[in-house]
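[1] Predicted coordinates and the sequence they were generated for:
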Amino acid sequence: MLIGVPKEIKADEYRVALTPAGAEMLVGAGHELVIEKGAGLGSGFTDDFYEDAGATILETAEEVWARAEMIMKVKEPIEPEWPRMRADQVIFTYFHFAASEELTRAVVGSGAIAIAYETVELDTGELPLLTPMSEVAGRMAVQEGAKYLEKPQGGLGVLLGGVPGVKPGRVLILGGGVVGTNAAKMAAGLGARVAIMDINLERLRYLDDVMPANVETLFSTRYAIRKQIQEADLIIGAVLIPGAKAPSLITRQDLSLMREGTVICDVAIDQGGCVETMKPTTHHDPVYDVKGIIHYAVANMPGGVPRTSTLALTNATLPYAISLASKGWQKACLDDQALKLGVNVVGGHVTYQGVADAFDMECRAIDDFLGV
Ligand SMILES: NC(=O)c1ccc[n+]([C@@H]2O[C@H](COP(=O)([O-])OP(=O)(O)OC[C@H]3O[C@@H](n4cnc5c(N)ncnc54)[C@H](O)[C@@H]3O)[C@@H](O)[C@H]2O)c1
């Protein structure tokens, strides 16, 4: 199959859909690869790396889109890319269709086959192509939070690890899933005193077993949260209710219980955030202040560390990409239920119930297109 990788053009996006190592594997499996000039630069991969791996570099995105039978990307196609999509072309990327009716209608109108990273789902309910980005965001939340706790950044002026003779800082993590666990590991490693709150007791039992002694687990209630936020230096929002807006766990009123200079890093901002006063920010302007509380709410945190994120993402996507390219999308989906769940749009029809429901569109059964 001829696979194309264009350069990402969304603001603040430096990741690329394929590493040179991935390129080498796809070429080794007998596929032809075209990559837009400079596509990997933001992640530290020059064109020579890809050429050495057997790929062909093309000057423009138009050429890549025009030639490829399958496009691999990171972010959803944005408006300038819409006219480039075409019927029967497979597009394998994050789409987050439910967030944009215009995007959904553009992809439906193109006749392309949209396979969305975010809805590929294992039997266990795990989302294997979202997990690596949650791992990145969870770890990064502590790094960013520690930075904004510094006094010149508006923070409390607390060093998370403390020093001999001085207490370490307190980190409160709301949600003990992938983001929360990774944040806890980082914060604990720095020497902070960490509390993870969750409503899932089984999860708290597991975390209690595996976490070091400076991490405690607490059942999440409004009462307990109100109490904990008064002592925390850094609060990390990491909750998720699948398919729903994040619950608002810290209200505007609660801010007055906290000390000025406390930092809240709300990773769950991409689902609306779990703090009432939180609104999305960007890597260029990541924080703002409400009642002296620093709010950090970058919606695409992994985009800020592309060298790590590109590798983490492609480690997870590559086996699926190889399967799609080698078997064709229909056979690949027939053989793999998880990948089949990733198919959101086929040949002008929405095939994923959540997307159809979001815009009151008809949902066709994916099996209709797989010949079963
Ligand atoms: N901003 C970014 O760049 C970025 C990157 C990756 C992930 N995220 C987001 O981070 C959030 C967390 O993702 P995840 O992969 O860790 O999800 P996850 O499903 O692994 O974990 C979520 C946890 O929240 C818990 N929870 C639900 N309601 C709660 C409540 N009221 N109090 C305490 N805990 C509660 C759940 O029991 C679960 O353990 C999601 O919204 C995800 O989209 C954002």
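    Looks like it came in fine.
[2] Enumerate the residues of the stretch 151-300 of the chain near the ligand.
    Counting by CB under 6 Å from any ligand atom, the positions of the stretch 151-300 of the chain adjacent to the ligand are 174-180, 197-200, 203, 220, 238-241, 246-247, 249, 267-271, 299-300. Every residue, glycine included, has its C-beta placed from N, CA and C.
[3] ok, 5 Å please
    For the stretch 151-300 of the chain, the residues in contact with the ligand (CB under 5 Å from any ligand atom) are 175, 177-179, 198-200, 203, 220, 238-240, 247, 267-268, 270-271.
[4] Which members of those residues are classed as buried?
    175, 177-179, 198, 203, 220, 238-240, 247, 267-268, 270-271 (16 or more other CB atoms under 10 Å).
[5] Could you find the closest non-adjacent residue to Leu122?
    Ala338 (5.0 Å; CB to CB, 6 or more residues apart in numbering).
[6] where's the one you found, which helix or strand?
    Under the criterion of DSSP states H and E, Ala338 resides in helix 337-340.
[7] Could you tell me how many residues sit around the closest residue to the ligand within the stretch 251-372 of the chain?
    The ligand sits closest to Met301 of the stretch 251-372 of the chain, with a gap of 3.4 Å, by CB to the nearest ligand atom. By other CB atoms under 10 Å, the residues close to Met301 number 27.
[8] didn't it look like it was pressed against Gly138?
    No - applying CB atoms under 8 Å as the test, Met301 and Gly138 come out as separate, 9.1 Å apart.
[9] Give me the common contacts of those two.
    Shared contacts of Met301 and Gly138 (CB atoms under 8 Å, 6 or more residues apart in numbering): Val267.
[10] ok, Cys265 to Met361 distance?
    According to CB to CB, to the nearest Å, Cys265 and Met361 sit 36 Å apart.
[11] okay, those two: which has more neighbours?
    Set Cys265 next to Met361 and count neighbours by other CB under 10 Å: Cys265 wins out with 32 against 16.
[12] correct me, but the more buried one touches Ala238?
    No - with contact defined as CB under 8 Å, Cys265 does not reach Ala238; the gap is 9.2 Å.
[13] Mutual contacts of those two, please.
    With CB under 8 Å, 6+ apart as the test, Cys265 and Ala238 both reach Ala141.
[14] Quick check: closest non-adjacent residue to the residue sitting nearest the centre point of the chain.
    In the chain, the centroid-proximal residue (CA atoms, centre = their mean) is Met133; its distance is 4.2 Å. Once flanking residues are discounted, Met133 sits nearest to Pro302: 4.8 Å by CB to CB, 6+ apart.
[15] cool, Leu234 as well?
    Gly145 (4.1 Å).
[16] Tell me where the model's unsure across the chain.
    Scanning the chain for pLDDT under 70 picks out the ranges 243-244.
[17] For the ligand, what's its nearest residue on it.
    Closest point on the chain to the ligand, by CB to the nearest ligand atom, is Gly177, at 1.7 Å.
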